[in-house]
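Participant: What follows is a predicted protein model with its sequence.
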Amino acid sequence: MIQLTEKAQEEVHKLLALQNKPGLFLRLGVKGGGCSGMTYDVKIDDRLSESDRSFEMGDLKVVCDVKSLLYLDRMTVDYSTDLVGGGFRFINPNATGSCGCGTSFSV
């Protein structure tokens with residue numbers, strides 16, 4: 001399961017409100033790239049596939065495909081408003097290493 005802190009949930013709600021479209025949710029995934037080999041993929045989506053797993057946090061729906069879930073299970077997503085390095089932050093117990101900026105990781 002993937003967790004979002006209260007700050008991350010608030011930010012996702014803001015992003016969803018900007019889209020102003022029913023049925024939207026947060027999609028989390030991984031893709032190859034970055035200096036550590038894998039990067040986090042975060043987007044607003046409205047399409048589900050059979051290989052997706054969803055998690056409910058109050059009225060917020062978070063979706064992750066099964067392959068990405070192997071790398072993201074037990075991860076916590078936080079949000080920071082810091083002037084330098086602000087944005088979503090990923091606390092991933094599955095990562096064995098990460099780059100200096102925290103946007104890519106290795107397992």
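Facilitator: Ah, there it is.
Participant: How about the residue nearest to the spatial centre of the chain, nearest residue that isn't a chain neighbour?
Facilitator: Centroid-nearest residue in the chain: residue 28, 3.9 Å away (criterion: CA atoms, centre = their mean). By the measure of CB to CB, 6 or more residues apart in numbering, the closest residue to residue 28 outside its immediate chain neighbours is residue 64, 4.9 Å from it. C-beta here means a position set from N, CA and C on the backbone, and glycine is covered the same way.
Participant: And for residue 10?
Facilitator: Closest residue to residue 10 apart from its sequence neighbours, by CB to CB, 6+ apart: residue 79 at 7.3 Å.
Participant: Show residues contacting stretch 55-63.
Facilitator: Outside stretch 55-63, the residues that touch it by CB atoms under 8 Å, 6 or more residues apart in numbering are 1-4, 9, 12-13, 25-28, 45, 48, 52-54, 64.
Participant: Per-residue confidence, the nearest residue to residue 33 once chain neighbours are set aside, what does it come out as?
Facilitator: Once flanking residues are discounted, residue 33 sits nearest to residue 39: 4.6 Å by CB to CB, 6+ apart. Predicted confidence (pLDDT) at residue 39: the value is 86.
Participant: Kind regards, and thank you for your time.
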